[in-house]
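# Make a model of this:
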Amino acid sequence: MRTSAVWAAALALTLAACSQQPAPPKRVPVVHSLATELPAAELHREIGTIDFGTAEARPFLVDGWYQNEGGGARPTIVWSRGRSSALEIWLAAPRPLRAEIRCAPFEPPDGQPQVVTVELNGQQAGALSLKPRLNDYTIELPVAAQVSGRNRLLFRYRKETRFDRRHLAVSWDLLRLRPGRPSPAGLPRAEQRTGGKATALFIPVGSEATFYFPVEETGTFSIDGVRVQGSGGKLLVIARRDGGAEEVLETIEGSRGPRSLELPGQGSRLVEIALRAVPGSAAATGGFQLLAPAVRTLEIQRTAAAGASGSGGTERPNVIIYLVDTLRADHVGTYGGGSLTPNIDAFARDATVFENTVAQAPWTKPSVAAIFTGRGPLSHGVRLLHDKLPQEAVTLAELLSARGYQTAAFSTNWHIRNETGMDQGFGFFDFSPDEAESNKLNQRLFRWLDNQAKAPFFLYAHALDPHEPYTPPKEYRDKYAPDVRPEAGYDFDLKRVDVSRGKERRQYMAEMRELYDGEVAFNDFSFGAFLKTLRERGLYDRSLILFVADHGEELDEHGARGHTSHLYAETLNVPLIVKWPGQRHGQRVASIAQHIDILPTLLRVAGAEAPQGLPGMDLAAVAASGDDPEALSGRWVLSHLSHRDRVGFSLIHAGWKLVYPQTPALAPGIELYHRADDRGETRNRINEAPVRAGWLSMLIRAESERSRKSGLKPEHVKIDEETRRALEALGYL
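Model prediction:
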């Protein structure tokens, strides 16, 4: 959301699209305090016991597990899922080690014993033939197979058995490492130096703190000194540049004075720095105190090109947002989507097309809240189905109203209504879910323009057509989906589609894509009629018109249909087209854009300044920046999903995208995609670029920490029976 560099104030824009070039970038010295940035670091520690079925054990279970069971008078356990299960343990250093396991098999129906083959980091460690019921087993973990850092234990099962809709093999109760720590090592922590102002880091033996930083040209790691506490061990200062191998910069076994170490690599790069305290024995205590640890480097500072102030005259333009619900960017012609959208494409030819726009969330309420407030989902507080935009949120409509704008909103979506707080600042608010078709929305818009609109005005129109159920008018159904089943696309049929499998599912999803296209084409027709009316009323050239979608739609690209299951491109890549007042010539912008950029853009055009501290950027400055979307100094975009049991983040930066799940239902582990050569996000490259993944993860943790301290607290809206039925029809329940 904020750039990794420091951006200057956004430029103003003339009546025509600005074509000036940005000022040359400057390199400024930056000092990163590791103690200050510890909350965003990646922390690890050795543990002695994994007690399956407990919340404490869950982070170690990475793939092939069902939910926790037991508790109270019953032992806590977790059943394996499928033919294999994996967990990760962290080790400060390889050493002789054995795993003591307590588990029970789901006895195979063939009468043969269950056999578990154990692999450590891809090397076979042995096999266990399980007896009936709960028993204890021991297996040696070869030192040669161990690594310093994350170690993956994989359990492969001879047989899985389908039972009660689950695929079961083994019930896991306990895993102990011997010789192991009697209790888990402490986590690294920030400390204050006695009698001084400089902060310090304390790294307990058996733990590690890992940081990631972008480095321009030179870079050093420095400390004012090291103090040793307790007995036994050594501190390793380890660095690795993106694409390179780990390098031990220094090994510290006693107290030391100040030192400065050069970071590996040259030029613009990402660098990982790990501070690892290796115990001399399993019983070692204490740790290492690092005084004022810091990374010193350069960062690029860009200054946006200067332009004319205001909007080119004393008359303030009208401001119009036309939002199409659930419209994927790749189904719009100007984004490579074929011939479905001739009216949008014609509009785009004389406007500014932002080719890389990312939604802040893959569903309506948090995305529109980001547009209205200029804040991301972690900051504006609207994340869950029952959340309501808090009163203390300052909205775009409120800010424009304070500048003398007449404000009106027309909504067809149950998430955008008075009860959810989305009416804040609108003098006129029309919620008509029973007339959601875009041609009927047009009729209400035209009446308002004829009878109530007074310049300058801010108009928000929310069209719903592409959203499920997929029911285009007959003319469009006949043209785009002529051979689908008569019941296809309706809400009752979608339930059948969502549980279908195999060939039947492929056939159903082909129908859904055709019906979705029909909805998109119908909405394009209505948008064309809306633009025609603006021209007839003399409003087109005197208005800023912003066309955008709140999110996209998944059509089985990653195994689901809809838009609340994942954080992939099909649900987050959206169209964003801006026609500046009086613009006559089109422009295409490769620089990355996002929903939170809309508020500062519209306020600047209206002659107002955005509230301090908002993370978005004026889209005029984005257009003029010439920012390479794959540059390390470029912007980053955070998106968030929290719906039912699917919770997590995605972050896009410098041409890469990280999916960072917080629940296994969203994804079994962290995923990394290179957008330039994998637009469909099908090749997970997490193992090829661990430093890149670590840096993006650190950005997510940093933003989570900032939002925890300064984000708004949501209010809650009651979901009554009418709302429940409506949300169910829209696929949210």
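
# residues touching the most far-flung residue of the chain relative to its centre, list them.
Residue farthest from the centre of the chain, counting by CA atoms, centre = their mean, is residue 111 at 47.0 Å. For residue 111, no residue meets the contact criterion (CB atoms under 8 Å, 6 or more residues apart in numbering). In short, each C-beta sits where N, CA and C put it, glycine included.

# Numbering from 51 from now on, please.
Happy to do that; since the first residue is 51 now, the last one works out to residue 161.

# So it belongs to a helix, correct?
No. Counting by DSSP: H, G, I helix; E, B strand; the rest coil, residue 161 is not part of a helix but coil.

# next one: phi and psi at it?
Backbone torsions of residue 161, given as degrees, to the nearest 10, read phi 80, psi -10.

# ok, and the closest non-adjacent residue to residue 337?
Of all residues not flanking residue 337 in the chain, residue 254 sits nearest, at 3.9 Å (CB to CB, 6 or more residues apart in numbering).

# Could you check the pLDDT of that neighbour?
According to the prediction, residue 254 has pLDDT 94.

# shouldn't it be in contact with residue 329?
No. Using CB atoms under 8 Å, residue 254 is not in contact with residue 329; the gap is 9.1 Å.

# which neighbours do those two share?
Taking CB under 8 Å, 6+ apart as the criterion, residue 254 and residue 329 both touch residue 235.

# Show the low-confidence segments of the stretch 301-450 of the chain, by residue range.
Residue ranges of the stretch 301-450 of the chain with pLDDT under 70: 350-364.

# What helix or strand is residue 545 located in?
helix 541-548 (DSSP states H and E).

# elements contacting that helix?
The contact analysis (3 or more CB pairs under 8 Å, 6 or more residues apart in numbering; DSSP states H and E) places helix 541-548 against helix 552-586, strand 611-612.

# which helices and strands does the last one pack with?
The helices and strands touching strand 611-612, judged by 3+ CB pairs under 8 Å, 6+ apart, are helix 541-548, strand 604-605.

# quick one, domains of this protein?
What automatic domain parsing lists as the domains of the chain is 56-73+357-779, 76-93+235-352, 97-228.

# residue ranges for the strands of the stretch 601-750 of the chain, please.
604-605, 611-612, 626-629, 637-644, 686-693, 696-703, 706-711, 721-724 (DSSP state E, counting those that start in this stretch).

# CSV please, covering those strands and showing mean pLDDT, distance to residue 105 and mean neighbour count.
Putting the strands of the stretch 601-750 of the chain into CSV (pLDDT from 0 to 100; distance: least, CB to CB, whole Å; neighbours: other CB atoms under 10 Å) gives the following:
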stretch, mean pLDDT, distance to residue 105, mean neighbour count
strand 604-605, 96, 30, 19
strand 611-612, 94, 29, 22
strand 626-629, 98, 41, 25
strand 637-644, 96, 34, 22
strand 686-693, 95, 18, 25
strand 696-703, 96, 15, 23
strand 706-711, 96, 16, 23
strand 721-724, 97, 24, 22
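
# all helices of the stretch 301-450 of the chain, in order?
Assigned by DSSP state H, counting those that start in this stretch, the stretch 301-450 of the chain shows helices spanning 392-399, 414-423, 427-430, 446-452.

# follow-up on the earlier one: which residues does the residue nearest to residue 337 contact?
95, 235, 236, 237, 238, 327, 336, 337.

# Among the helices and strands packed on helix 541-548, show me which one is buried the most.
Stretch with highest mean neighbour count among the helices and strands packed on helix 541-548: strand 611-612 (a mean of 22; mean count of other CB atoms under 10 Å).

# Give me the sheet partners of that one and which way each runs.
Next to strand 611-612 in the sheet, as set by DSSP bridges, lie strand 604-605 (antiparallel).

# Measure how buried the spatially closest residue to residue 648 that is not a sequence neighbour is and give me the count.
Spatial nearest neighbour of residue 648, chain neighbours left out: residue 421 (5.1 Å); criterion: CB to CB, 6+ apart. When neighbours are counted by other CB atoms under 10 Å, residue 421 registers 26.

# Quick check: residue 421 touching residue 644?
No. Between residue 421 and residue 644 there is no contact under CB under 8 Å: 9.9 Å.

# where does this structure dip in pLDDT?
Residue ranges of the chain with pLDDT under 70: 51-75, 231-232, 243-248, 350-364, 783.

# Dead centre of it: give me the residue that sits there.
Note: the chain centre (CA atoms, centre = their mean) maps to residue 700, 2.0 Å.

# That one bridge partners, please.
residue 689, residue 709.

# Return the residues in contact with it.
Contacts of residue 700 (CB under 8 Å, 6+ apart): 617, 622, 688, 689, 707, 708, 709, 710.

# Could you dump the contacts of residue 254 into JSON lines and include neighbour count?
Formatted as JSON lines, these follow (neighbours: other CB atoms under 10 Å):
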{"residue": "95", "neighbour count": "19"}
{"residue": "235", "neighbour count": "24"}
{"residue": "236", "neighbour count": "17"}
{"residue": "237", "neighbour count": "15"}
{"residue": "238", "neighbour count": "26"}
{"residue": "327", "neighbour count": "27"}
{"residue": "336", "neighbour count": "17"}
{"residue": "337", "neighbour count": "25"}
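
# for stretch 582-600, the distance to its chain's centre please.
Its chain's average C-alpha position is 32 Å from that of stretch 582-600, according to CA atoms, centre = their mean, to the nearest Å.

# now stretch 254-271
24 Å.

# Buried ones in that stretch, by neighbour count?
Using 16 or more other CB atoms under 10 Å as the test for burial, stretch 254-271 gives 254-266, 269, 271.

# can you give me the strands in the stretch 251-400 of the chain?
Taking DSSP E, counting those that start in this stretch, the strands of the stretch 251-400 of the chain run over residues 257-265, 269-273, 275-279, 284-291, 297-302, 309-312, 319-328, 337-341, 344-352, 368-374.
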